[in-house]
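> Sequence first, predicted model second:
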Amino acid sequence: MRQLLDAQENNLSGFVTETQCPFCSVQCKMRVTKELPIPGSRRYSYSIEGMPNAASEGRLCVKGMNAHQHATSKDRLLQPLVKKNGQLVPSSWEEALTAIINNFQANSNEYGPDSIGVYGGGSLTNESAYLLGKFARVALKTKYVDYNGRFCMSAAASAGNKTFGIDRGLTCRLADIPLARCIILAGTNIAECQPTLMPYFTKAKENGAIIIVIDPRVTATAAIADIHLQIKPGTDAALANGMLKVLLDEKLIDEAFISQRTNGFAELVTHLSTIALDEVAALTGLDEAAIRNAAKAYGQAETGIIFTARGVEQQTDGHVAVRNFLNMVLATGKIGKPGCGYGAVTGQGNGQGGREHGQKSDQLPGYRNIEDEQDRSYVAKVWGIDPDELPRKGVSAYEMMELVHKKAIRSLFVMGSNPVVSNPNADLVEEGLKGLDFLVVADMFISETAQMADVVLPVTSYLENDGTLTNLEGRVLLRESTLKAPGETRHDWQILCQIAEGLGKKTYFPFETAEQIFEELRLASRGGLADYYGITYDRLRRDGGIYWPCTSTEEDGNQGMMFERAFAHSDGRAIFMPVASRLPQETPNDEFPLTMTNGRVLSHYLTGVQTRRSPSLAARNVENYLEIHPKTARKHRIVDGEWVEVTSRRGSFSVRSRITDKIREDTLFVPMHWGGIQNVNKATSPELDPNCKMPGFKTSTVSVHPLRLNI
């Protein structure tokens, strides 16, 4: 192991590399330079410089500035591990791959190919995400493949598909934000989750924009708001109904746009006639006047953009809640022109591209439908198999965990994810994973999930792995590396090819470079909704980034504005949908009197597997915490900084209290970046949105009490 660490150090010695941040969906570009050793130490210093690209304009946040720390961490996995006598011990690649291949073959022979599940991640490159879906369906022949992006964008994606006929995170460009005269930020804390985007919003304010923030907390984003609607968690769909009611009553709608470019408005009008604004105010916990003022500000503005994120989407009615905000966009005609549009603020680095090319249970590359016979036939031809060989639709990420718990899935392959921390109802997930016949995890570190694995495979980091990623705008970017893989680490896609070869499927996985995979991805996506055919590595090197859809290499790839002339439905029209106002799936009672919501903090990313290995980032938030209002804390006899236990119908976790008046009295907030006893998802609800299978992370009812030693 010492030799492997030295090899990693030598690999990094004196390097200068241009890369992209591995974290959020902005995909900021940077230059990383390794400097001379720190005097009196073997430790090296690094200089990190932001570089201009179309999204971040040369900015970096604290995560990007310190991303190299996890890539150069001594905790990096540098060789395979195999579990023997209950302990993970170093092994050769031959031994690890042989164990995987033998187990997968044995499980498939005894229980059928669907006894194996594949679980991916939204931070994988497009090439690895594409190959993971192909690996599941061609090499393993299982229908059970999904990924952690199901918990990120699924509600907005399904709403966009139903409303517009296509899902892309932003229907406008980031450059349109300063042109908007009203911006609604619903359930998104951009200042902490995508901080390098904040200058777009401050520029909009300088230009006279009214910014409306919808959030139960007074976040750093809410601090810039002209109107802050401090809503009860889980009532966003009702709020949108109230705002739509005001838009209609005040005649702040675009009748020509509605008539010429939409369907279903009459049904929406009929529905809104049953809506009473005072009832919406009572349901949402807001003042009627505040709802009216916000709606009028958006309706009266010449231009406007609505952004949603997980606060709206991670609910069991997240799909229809987003659709109701899209109703507002359509009713005012604020789409398809400069300074207007809708955006779902993607969380993961490749949350957009990761769901377009086949690692989602119901999709094939190019956003094709796995149940559509023409789509199946096309992709099967690209892959060189018979369409009948393609498995049918599987289930969503959390439903896979339920099948693991029931032992319907007996072996699981996890790549780029940490499901025991990221899934709701985490105790059930942990119990299920422990009961697997065989668990394989490919990761950079020993995550909470990897600790339970039978085989752990070491993978390369963003500094060493080539590939494309698609940022929140739908702009495809190329990340290339000049560094060799440290130790015995291998690229994600290399691992998939090697396992496939061991399963006798080498002819379908002949790839020797990421670019070769992308060339097949181009063909597989051609003609689909997410058409990448016109994008090549050479074009990306030359142009810096290209928007999809890009159907030809002759297109300029800079058409970021969508729906200028028509929507993606066959008739070219967008679709309104009446949405009921309703309470969240769980409402407080005497046993569980508070509503708990969760989210992110500036210094951490996802389940913290990478950021908690960065000393600079970990030092900012060493441990998890619970935000609670002072009045609520007094009622429950909680003092600031003490450990508390939070309990729901599913389970309990323990964190430190943080008393603040920047949260509603009926609401608790807990970050999502920690595992173990600090894992908020031990208490979150596993109930799923029926449309997109998003869990209801944001509205779990809980009780809270102090943990005090009796001495």
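Now that the structure is in, tell me what you want to look at. Numbers count the residues shown, from 1 in each chain.

> use CA for all of it now, contacts and neighbours both
Noted.

> Just the CA trace of the helix or strand Met30 falls within, in PDB.
Using DSSP states H and E, Met30 sits in strand 29-37. C-alpha atoms of strand 29-37 as PDB (Å, rounded to 0.1, in the frame of the first residue of the first chain):
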ATOM      1  CA  LYS A  29     -13.900  24.900 -15.400                       C
ATOM      2  CA  MET A  30     -10.600  25.100 -13.500                       C
ATOM      3  CA  ARG A  31      -6.800  24.800 -13.700                       C
ATOM      4  CA  VAL A  32      -5.100  22.700 -11.000                       C
ATOM      5  CA  THR A  33      -1.400  23.200 -10.400                       C
ATOM      6  CA  LYS A  34       0.700  21.300  -8.000                       C
ATOM      7  CA  GLU A  35       3.300  23.500  -6.300                       C
ATOM      8  CA  LEU A  36       6.600  22.800  -4.500                       C
ATOM      9  CA  PRO A  37       6.400  20.700  -1.300                       C
END
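
> Now stretch 141-149: average pLDDT?
The average pLDDT within stretch 141-149 is 96.

> show me the contacts for Ala290.
227, 229 (CA atoms under 8 Å, 6 or more residues apart in numbering).

> Can I take it that it is in a helix?
Yes. Under DSSP: H, G, I helix; E, B strand; the rest coil, Ala290 sits within a helix.

> That one and Thr482, how far apart?
Relative to Thr482, Ala290 is positioned 54 Å away (criterion: CA to CA, to the nearest Å).

> Name the residue closest to the centre of this protein, please.
Cys152 (3.5 Å; CA atoms, centre = their mean).

> Hmm, Thr346 and that residue touching each other?
Yes. With contact defined as CA atoms under 8 Å, Cys152 counts as touching Thr346 (7.2 Å).

> Just to be sure, Lys83 is in a helix?
No. Counting by three-state DSSP, Lys83 falls outside a helix, being strand.

> per-residue confidence for the spatially closest residue to it that is not a sequence neighbour?
If the residues on either side of it in the chain are set aside, Lys83 comes closest to Asp454, at 4.9 Å by CA to CA, 6 or more residues apart in numbering. For Asp454, the pLDDT comes out at 98.

> now do Arg2
Value for Arg2, per-residue pLDDT: 42.

> And the one 5 residues further on, by the same measure?
For Ala7, the model assigns a pLDDT of 44.

> Average pLDDT for the longest helix seen in the chain, rounded please.
Criterion DSSP state H: the longest helix present in the chain is helix 93-111. In this model, helix 93-111 has an average pLDDT of 98.

> quick revisit: for the residue nearest to the centre of the chain, what are its contacts?
310, 313-314, 346-348, 351.

> quick one: which of these is most hemmed in?
Glu313 (34 neighbours; other CA atoms under 10 Å).

> can I assume that residue is in contact with His319?
Yes. At 6.7 Å, Glu313 counts as touching His319 under the criterion of CA under 8 Å.

> low pLDDT regions in the protein?
Applying pLDDT under 70 to the chain flags the ranges 1-14, 37-43, 709-711.

> 80 instead, please
Low-confidence segments of the chain (pLDDT under 80): 1-16, 35-44, 54-55, 557-559, 708-711.

> Could you measure from Arg479 over to Leu688?
The gap separating Arg479 from Leu688 is 35 Å, by CA to CA.

> neighbour-wise, which of these two wins?
When Arg479 and Leu688 are compared on other CA under 10 Å, the one with more neighbours turns out to be Arg479, at 24 against 21.

> quick one, strands of the stretch 401-550 of the chain?
411-415, 438-443, 455-458, 467-470, 475-479, 546-547 (DSSP state E, counting those that start in this stretch).

> typo on my end, the stretch 551-700 of the chain
574-575, 594-599, 625-628, 643-647, 652-659, 667-671, 700-706.

> Tell me the strands beside the fifth one, with direction?
To tie it back to what came earlier, the one meant is strand 652-659. Strand 652-659 sits in its sheet next to strand 625-628 (parallel), strand 643-647 (antiparallel), going by DSSP bridges.

> Pick the most buried one from these.
Of all the strands paired with strand 652-659, strand 625-628 has the most neighbours on average by mean count of other CA atoms under 10 Å, namely a mean of 25.

> Can you give the distance from that strand to the centre of its chain?
Distance, stretch centre to chain centre, for strand 625-628: 23 Å (CA atoms, centre = their mean, to the nearest Å).

> Likewise for stretch 442-457?
Centroid separation between stretch 442-457 and its chain, computed with CA atoms, centre = their mean, is 21 Å.

> hang on, the earlier thing: between Glu313 and His319, what contacts are shared?
Common neighbours of Glu313 and His319 are listed as 154-156 (criterion: CA under 8 Å, 6+ apart).

> Contacts only, for Thr699.
233-234, 315, 584-586, 595-597, 684-685.

> So which of those residues is the closest to Arg656?
Closest to Arg656 out of the contacts of Thr699 is Met596 (14.8 Å), distances taken as CA to CA.

> Which one, of the strands of the stretch 551-700 of the chain, ends up nearest to Glu35?
Glu35 lies closest, by CA to CA, to one member of the strands of the stretch 551-700 of the chain: strand 667-671, at 34.7 Å.

> For the closest one, name the packing helices and strands.
If contacts are counted by 3 or more CA pairs under 8 Å, 6 or more residues apart in numbering; DSSP states H and E, strand 667-671 sits against strand 594-599, strand 625-628.

> distance of Ile177 from Phe201?
As judged by CA to CA, Ile177 and Phe201 stand 7 Å apart.

> which of the two has more neighbours?
Ranked by neighbour count (other CA under 10 Å), Ile177 and Phe201 place Ile177 first, with 27 against 22.

> Would you verify that the more buried one is located in a helix?
Yes. Counting by three-state DSSP, Ile177 is located in a helix.

> got the contact list for it?
183, 200-201, 204, 305, 339-340.

> can you list the strands of the stretch 551-700 of the chain in a markdown table and add distance to Met328?
Below are the strands of the stretch 551-700 of the chain laid out as a markdown table (distance: least, CA to CA, whole Å):
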| stretch | distance to Met328 |
| --- | --- |
| strand 574-575 | 12 |
| strand 594-599 | 25 |
| strand 625-628 | 32 |
| strand 643-647 | 37 |
| strand 652-659 | 36 |
| strand 667-671 | 27 |
| strand 700-706 | 28 |
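
> Between the ones you listed, which one is closest to Lys29.
strand 594-599 (25.2 Å).

> so the closest one versus strand 700-706, what angle?
Per axes from the mean of the first three to the mean of the last three CA atoms, to 10 degrees, the angle that strand 594-599 makes with strand 700-706 is 100 degrees.

> Relative to strand 594-599, what are the paired strands and their orientations?
strand 667-671 (parallel), strand 700-706 (antiparallel).

> May I see the buried residues of the helix or strand that Ile212 is a member of?
In this assignment (DSSP H and E), Ile212 forms part of strand 210-214. Across strand 210-214, burial judged by 16 or more other CA atoms under 10 Å covers 210-214.

> right, and the helix or strand after that strand?
Next along the chain from strand 210-214, counting by DSSP H and E, comes strand 227-229.

> elements contacting that next one?
strand 210-214, helix 288-300.

> For that strand, which strands pair with it and how are they oriented?
Sheet partners by DSSP bridges: for strand 227-229, these are strand 210-214 (parallel).
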